[in-house]
Structures are given as C-alpha cells and as structure tokens.
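Undergrad: Give me a 3D structure for the following:
(2 chains)
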2 protein chains.
Amino acid sequence: MSQMPPTSGSTQSSDSIAPEAASEADQAGAVSRRSLLGLAGAGVAALGIGAAGGFAAGRSTAPATSPVADVYPFTGPHQAGITTPAQDRLHFATFDLITDSREAVVALLKAWTVAAERMTQGLPAGEFEPGAGPYDAPPDDTGEAEGLNASGLTITFGFGPSLFTDSDGADRYGLAARRPALLADLPHFPADALEDARCGGDLAIQACADDPQVAVHAIRNLARIAFGTASVRWSQLGYGRTSSTSTAQTTPRNLFGFKDGTANIKSEETDAVTSQVWVSADDSAADDAAGDRATDSSWLTGGSYLVARRIRMTIETWDRSSLREQETVVGRTKHTGAPLSGGTELTEPNFAKAGRGDLPLIDPTSHVALAHPTNNNGARMLRRGYNYTDGSDGLGRLDAGLFFIAFVRNPATQYIPMQNTLARDDLMSEYLRHTGSGLWAVPPGIPAGAPLGGADGAYVGQGLFEA
Amino acid sequence: MSQMPPTSGSTQSSDSIAPEAASEADQAGAVSRRSLLGLAGAGVAALGIGAAGGFAAGRSTAPATSPVADVYPFTGPHQAGITTPAQDRLHFATFDLITDSREAVVALLKAWTVAAERMTQGLPAGEFEPGAGPYDAPPDDTGEAEGLNASGLTITFGFGPSLFTDSDGADRYGLAARRPALLADLPHFPADALEDARCGGDLAIQACADDPQVAVHAIRNLARIAFGTASVRWSQLGYGRTSSTSTAQTTPRNLFGFKDGTANIKSEETDAVTSQVWVSADDSAADDAAGDRATDSSWLTGGSYLVARRIRMTIETWDRSSLREQETVVGRTKHTGAPLSGGTELTEPNFAKAGRGDLPLIDPTSHVALAHPTNNNGARMLRRGYNYTDGSDGLGRLDAGLFFIAFVRNPATQYIPMQNTLARDDLMSEYLRHTGSGLWAVPPGIPAGAPLGGADGAYVGQGLFEA
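TA: Reported below is the predicted structural model:
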C-alpha cells in the first residue's frame, strides 16, 4: 500500500493533479486483467496459485480492494467453498425455478458451471472480449469485477427439498425418487421467528471471496444467466467470517464481540472432515434403505448438507448487559476466548470444574456447554458463517447478527438435535432471533480435467440428473 | 498472505491439527492490539502513519481481514473522511435526537468525539482495559474489532436541518438562528421515489474503513453511547468505493460495470478542493445576509455540506440492454472508460465531435454530458459514494445500486440544479430509482492537539453550540 500514502483531511499535497499518474495506475489494473485473459487463453489459468501469485506480484499499483489474489480450483472431488480457508466476504442467494422443463434446469446448471468456473479463475463470466463487443447484444459479463482479481472466489451450489417435490408433493422434474430422506425442510424450532422471504429456495449458491464486489459480481452474473429459468428468492451479504476453517487462520469475533468458532472443524483435521462433513456411499445407501420410498440418493456421495440460518442478534440489549452476564452466557472470557474453567482459547472446557459455592465455573446452560460435542453425542459441524448488518429496523436498532452456515454429513444428527437444545435452553437465546432458514444438499465436485458444460460436458449436479 | 496457502476443497493437508499454530497466530493478533494500547498510552498514537506502518509490518500473522493498517488523524482544520483517500467500505448512519436537553446533545457530541478519536486510532471506544473488567458493568467497547487494526477508519459528523428546527418550525435547542439558509431539506426531484425510513436525520455519521467490521464497529459503538439521547434513524452499508479522491487511486467500477468518478475532485487538486468543497468565511457571511432571518452560520466556515442519495439501480434491466445502449447512456466506453468522442479514460469529452450522420458521438442526454461541469456552470463535487447490495426485493431482483455521497461547498449551486437536470433528462434515469436522501452540514475539524471532551475539552460542532 506504499503507493497510497495516507493524508488527513487537512493535509493536502501541493502537487497539481497528475492525470498521467492516475492513468498509469488505471492502465496497470486494466492491463493486468487483460494479461490474465491472455494467459488463460494459453492454458495458464490451470496453474492456479502460481499464476495468481505472479499476477498479484505484478500489481504494484492495484487498488486496495484486492488484497488477496488467491485462485482456488473450481473442480475436484468436493465442491470448493467448504473446506477452503474461509474467505472474508459472502454473498449467499437462493433461487426459485420458474420453468417446468427438466431440460431447462439442466441447461441452467451447465451454464452456471461454465460461468462459475470462469469467475473463480478471475475471468469474466462469458467469453466476449472486454472492449471488443458485440455491441448489439448485452455484455456476457456485467463488468464491475473487471480490473479486480479472483480474490479467492469460490462458488458452491446446493439443491433444496423443493427442487424435488413442490409444496403439493408433485414431482417437478422427475427427481422425487432421488431426494435423500434427510433432505427435508428443517423442523420448527422453539422461538423460531422465520420470515418466509428469507427461507428456502430450490437452489442455493454460496459465493465467498476476499472482495465483496467479486462475490456480488458472481451472484449477479449467475442470476443474469438464470433469467427466464430461475429468479432470486432471497440473498444475504456477509462480512467478517465468524469461523476459521484452517488452522492457519486466527479465530475471528462475532458481533457479540466474542471469538467464534474456536472448536470449529478445520480442513487440516482430515478425520473429522471425513466423519462429519462428507456424505459417504454407505450414508447414501442407508438413507435409501431408511425411507419408506424406493429412492436412489447415491448422487450425493461425496457431497454434504448446507444448513443456513439468519440469526439476528439483539445487540442493543447485549451491549447494555454486564461483562459478567456476557461471559456467563457464552461460557468463555470475552478478551481471550478461554473457557471460564481456565486456560487459553484452545484449552478444552472443563464442565465439571467448580468455583465459589461449588457451582460449575461454566454454566451448564451457557452456549459453549450446550453446543459442545460432549453434550451432543460427539456431533460437530464445519461452520462457515458471516456477520451481517442490514441497516436498521425502523425502531432505532441495527439489523445485525450472524448468518450461520454449516456443512454437515447428516443434518438429523448433527444439527437438528443441537438446535432444539440451544433454542430451548441456551442462555444466549434471549439475545437471538432466527429469521431465516434453509437446508440444501450440496452435490460432490466435478472431476478435475473434465470438459465443462456443452452437449457432453460435466456440470454441477450431473449425477442427480443423469443416473 | 504467504502464511495462508490456498487449498482446494479437495486437497487436504495430511497434517494433524496444530493448535499451537493457531494459538500463536491468535496471540499475535491479540498482542498487537494490546501493544498498540500500550504504545498509545505512551503517546505514540500521535505519530499516526509512522506508528501504523510499524504496527502493520509487525503483523506477519495478521488475518486477511486487515490488509491496510493506515491510521488517519482525527483532528485537523477539516474533518477526516472527506479528502482522505476513499476507503473501501462504508457504514453510514443517521440519528434522531430523543432528548429536549441542549446539554444532553452537547454531552453526546463530547462523548462521540472522544470515542471517535480513539477508534480512528485503532483503540477501543472506551478506556476499560480488555480482559480486566469491571465485570458488573457493560463493556465500554463492544469488542468485535479487538484484534483488528485501525484499517484507515475515518468518522465524519454532520448536522441535519431538523437539528435546528423541527417539522413544526420549533427551535429545538436554541440553534435556529444558527442554521445556514443553505441547510434545508432537498427539494423534490423528478421521479423521486423516496422512502421516509431512508431519509433525513438530525445527525449523520459517515464511517469509512478498509475493513467493514471496523466501520460497523464504529457506528455500533457510537449508537451504543447515544442510548437515551439519540437513536439510529437509518443506516446503510457500502462496499467498493465508487470514486477516487486521490490521484494515487485507480478509478473503480460501479454496479453498471462502468468506471465511475473519473472526473471526481481529487485531494491533490487543492484549488478545486478550496473552491468546491470547503465553506469559506465569505460563504458564511453571504449565507447570513441572504436569508430573511437574522442568522449566524460562521460556525460552518471550514466545513462542507454532505449530500447522500440512495440510488437503486434496476440492474436486471440494465444487464439485458445491449453494450451499445449502455455506452450511449453513460457516454463512455465500458471497457476503458474513455469518452465516446475518443481518447483514454482521462481525455476530456468532446461534446461537439460528430460521427456518422453528423450526430454527436456523445449523446447530449448521456450521463457524462449532463453531469459535466461545462454543462453545470463549472460546478463539481467531491464524490465519495459506495456500491450497495441489500439482499433482494421479493420480486426476484437484487436490491443494489449506488449510495451516493458528495461533499460540496454549496448544495444550491453544486448539487440541486444538476440533479434536477439529471432526473429530468439523463438517459440513465430510466435505470435509476432514488430511494433515500439527506443533506447535512459538516462542521470543520477540531484543532490538532486540543484536549477532547470533558468539561473544557473540544468536540465536534463546538462552534455551533458555543458562539
């Protein structure tokens, strides 16, 4: 950032305006993008990290909007955006299909696959060359990410229960027999205050990046491509990841001001990822055997389930509660994140340890106690939530909180019982209000190297549509 | 970012979880913040940029959320956040006073001044030492910015017309005679679709930073401090600055995908800043002479006016219009930002230059033509707007657009006539909807070195309350 010396409101340089300087800086940005485009044509995009590193290194005049030039592969055994180190910004959107045609749905998924792969590699959504037209057609990329790099963009797709059967139980696209029994609307939890306009959706897309403009650009272009086939049902922006998904990341703070996700599953915990995140072939077989229908959900093997909850925090009330109350509710200290039973942030909580009056140091109804795996049959989740602030509510309060996202192998054992317990007993629930909700099955990834889209190309969810 | 090697969703390291690594990284973040606290106590915060540079340099394990460690002085002849190089994120909020007491308003401004200065220097809003209690009181900082650096935070305060007189014309706090004649509600413009819940407010605060969590933290803590005296009327988050305010910055793109703010006033243009941004002593005298009331608005000398407009873009319609239509509407090429009369981005548009059929290459009703200073009596503005995306609207469309912010010396000559013209004739207005609005007088800065707050301390707007 050395090229952008801070100046105060009062300290103006006496230099006259230097259009050449701005022009050069601008050219650098534009040329970088074009260079990337050129390189991609030569197949260098496949180099991934290396290419991105060089790209970033060459951007000495890049704007501060693009601190990270990471490029993640779009293809692989699992979709990106799950065990990928959590990026800092989120745009999550769900879509309702507005077509009766199964072919149209497949065509949409193919088009999305091609565009998503391109955008994650830092390319425009479409193949038109920027600046070269055609002039009589709408651009095939909306343009606001031109000059920005890939910014670690990942795009993760999920399928909701309503993709399979509509609210009347009708088989919309001939997929009803392929719906996993576990893929059902979440039950009503105590104190749920859900708003229909923030719930569900036939399809869900999670776009994460280190630049919000890149994440928004991705969702916007996918919505543009869906025109006539699917329309946005609801969408949510988030910032400030509230979980780490890699041991290389520090634990961030949520809007209660506490470190969040200390015990989250990290991608380096390969055993936990296998046992808690990915749906196995046995899971699929068991799911098919368990239902009272003849089903085949084998397409989900290697995938996962995405649970989303929009959890508003009543932060004005929280901010007027004492530090003691806040720490009691959470079960950890606010400053270091250590459990109230002692130690440091990463010390395991000791729920048996008693303090004054033989009372446990960690309240049994604190958030950390009720959410801990030892109190949930060992269940853990890979959480990937974000803080959100959506203006204010007309009553002088900020509409702010946590957009909770978790990836689990089995929502019926890993999420639903825990949320029932938390909603009923958690001291924290006094300060929370669940206003949005959804569950989606996240298909496995597309094998690396497969041609994408087109007549014979691979696409996300192909296994669901092509048995 | 070299400490965070990207991994794909499918490529997991075989390392076991390494709590020590995470712990170290975390400690580094925490220690840095504490170190800053220590340094600040020794008066090093006053070093500003230098101190911040060193602070950043020492954070090799800092999270990716904090790419920029710039610290801007809070004090100076003008408030920061105007000519300061535009940061990447915005949280803007307006407040309604809910007290009848002038003393309570002054006390609020003093408390805000002290907290704002601290937060812009990377310190918590209050003086409690993190981790040390007191435990029976609410924390005097909400905590979510702990571990993050100052991130270039600036906090800029403005006073709305309703601070002086209420809707019935009553003199609320004995300030009516000090209201500048120019500080009046903006007129109704053609096609305005304003929502009352996004308009006006007695007080406005613009918090800009390179980390959204830092900007949100600032507004939230100022709202917390205001409890009982003022409450949030509305607030708006923004990302991706849509203007450059320094020649060292590249021109960003708005959500139409075009470069925006090419002709914006840059802080390096000291003559333009003086002639177009700051209210002079002569301006104040002329304002007082022009009104039909006996007024004294000299307190605003050295300040400015802030115009805010929430401008929704109908991006779905835009995205389906041809590249030719888009470029005609804007008057510039989408790829390079050059005017359609030729050249590069920074070439002056030639409105007389004709093309085929002797028609001007730049449509006279294009946005660039109607907004250009030559068509507005030489008027320019220092724009400092941001893109926004606030979810979707329930009709399958993203609620996205531009949160326009401009600082002008005289809204009656620099903003109102231009907006009347644009709203009536601009080809772009077909794709725009103004949903929020406000005008605030931005008092000058607080002299550097003055003690802040307390019984005799300086505070923002002191000149207004203490003649």
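
Undergrad: so what's A:D292 up against?
TA: For A:D292, the contact set (Cβ atoms under 8 Å, 6 or more residues apart in numbering or on different chains) is empty. Quick note: C-beta positions are derived from backbone N, CA and C, even for glycine.

Undergrad: low-scoring pLDDT stretches of the stretch 51-200 of chain A, where are they?
TA: A:51-69 (pLDDT under 70).

Undergrad: Which parts of it are strands?
TA: A:89-97, A:154-159 (DSSP state E, counting those that start in this stretch).

Undergrad: and the residue lying closest to A:T328 once chain neighbours are set aside, what element?
TA: In this structure, A:T328 finds its nearest non-sequential neighbour in A:D363, 5.5 Å apart by Cβ to Cβ, 6 or more residues apart in numbering or on different chains. Per DSSP states H and E: A:D363 is located in neither a helix nor a strand.

Undergrad: likewise A:S437?
TA: Taking DSSP H and E as the criterion, A:S437 maps to strand A:432-442.

Undergrad: Summarise which helices and strands that strand is packed against.
TA: Helices and strands touching strand A:432-442, by 3 or more Cβ pairs under 8 Å, 6 or more residues apart in numbering or on different chains; DSSP states H and E, are strand A:154-159, strand A:203-209, strand A:304-313, strand A:398-408.

Undergrad: Could you dump the ones you listed into JSON lines and include distance to B:G291 and mean neighbour count?
TA: Below are the helices and strands packed on strand A:432-442 laid out as JSON lines (distance: least, Cβ to Cβ, whole Å; neighbours: other Cβ atoms under 10 Å in any protein chain shown):
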{"stretch": "strand A:154-159", "distance to B:G291": "57", "mean neighbour count": "27"}
{"stretch": "strand A:203-209", "distance to B:G291": "51", "mean neighbour count": "28"}
{"stretch": "strand A:304-313", "distance to B:G291": "46", "mean neighbour count": "24"}
{"stretch": "strand A:398-408", "distance to B:G291": "37", "mean neighbour count": "25"}
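
Undergrad: For chain B, find the nearest of these.
TA: Minimum separation from chain B across those (Cβ to the nearest Cβ) falls at strand A:398-408, 6.3 Å.

Undergrad: Heading C-terminal from the strand holding A:S437, find the next helix or strand.
TA: helix A:462-465.

Undergrad: got a list of contacts for that following helix?
TA: Applying Cβ under 8 Å, 6+ apart, the contact partners of helix A:462-465 are A:102, A:105-106, A:109, A:159, A:175, A:178, A:298-300, A:443-444, A:446.

Undergrad: which residues touch the residue nearest to the spatial centre of chain A?
TA: By Cα atoms, centre = their mean, chain A has its centre lying nearest to A:Q206, at 4.5 Å. Contacts for A:Q206 (Cβ under 8 Å, 6+ apart) come out as A:81, A:90, A:92, A:154-156, A:158, A:306, A:384, A:405.

Undergrad: Specify the beta-bridge partners of it.
TA: A:Q206 forms beta bridges with A:F92, A:T156, as assigned by DSSP bridges.

Undergrad: Quickly name whichever of the contacts of A:Q206 is closest to A:E268.
TA: Ranked by distance to A:E268 (Cβ to Cβ), the contacts of A:Q206 are led by A:R384 at 15.3 Å.

Undergrad: List the contacts of that closest one.
TA: A:81-82, A:86, A:206, A:208, A:241, A:243, A:245, A:405-407.

Undergrad: go again using 7 Å as the cut-off
TA: Applying Cβ atoms under 7 Å, 6 or more residues apart in numbering or on different chains, we find A:R384 in contact with A:86, A:243, A:245, A:405, A:407.

Undergrad: What of A:A137?
TA: Counting by Cβ under 7 Å, 6+ apart, A:A137 touches B:322-323.

Undergrad: try it again with 10 Å
TA: By Cβ atoms under 10 Å, 6 or more residues apart in numbering or on different chains, A:A137 lies in contact with A:128, B:320-324.

Undergrad: just to revisit the earlier point, lowest-confidence entry in the contacts of A:R384?
TA: Taken together, the contacts of A:R384 show their lowest pLDDT at A:S243, with 84.

Undergrad: SS state for that residue?
TA: Judged by DSSP: H, G, I helix; E, B strand; the rest coil, the three-state class of A:S243 is coil.

Undergrad: Quick check, it in contact with A:F403.
TA: No. Counting by Cβ atoms under 10 Å, A:S243 does not reach A:F403; the two are 11.4 Å apart.

Undergrad: if I look at the two, which residues touch both of them?
TA: Joint contacts of A:S243 and A:F403 (Cβ under 10 Å, 6+ apart) are A:384-386.

Undergrad: ok, the residues you listed vs chain B, which is closest?
TA: A:Y386 (10.3 Å).

Undergrad: Nearest residue to the closest one in space, please, no chain neighbours.
TA: Take A:Y386 and drop its neighbours on the chain: the residue closest to it by Cβ to Cβ, 6+ apart is A:G238, 2.6 Å away.

Undergrad: Same check on A:S321?
TA: Distances taken as Cβ to Cβ, 6+ apart put B:P138 closest to A:S321, at 6.1 Å, once the chain neighbours are dropped.

Undergrad: Repeat that for A:W318.
TA: Going by Cβ to Cβ, 6+ apart, A:W318 has A:Y431 as its nearest residue, at 5.0 Å.

Undergrad: Equivalent analysis for A:D296, please.
TA: Using Cβ to Cβ, 6+ apart and skipping the chain neighbours, the partner closest in space to A:D296 is A:R178 (5.7 Å).

Undergrad: What of A:W440?
TA: With Cβ to Cβ, 6+ apart, the residue lying closest to A:W440 is A:G158, at 2.9 Å.
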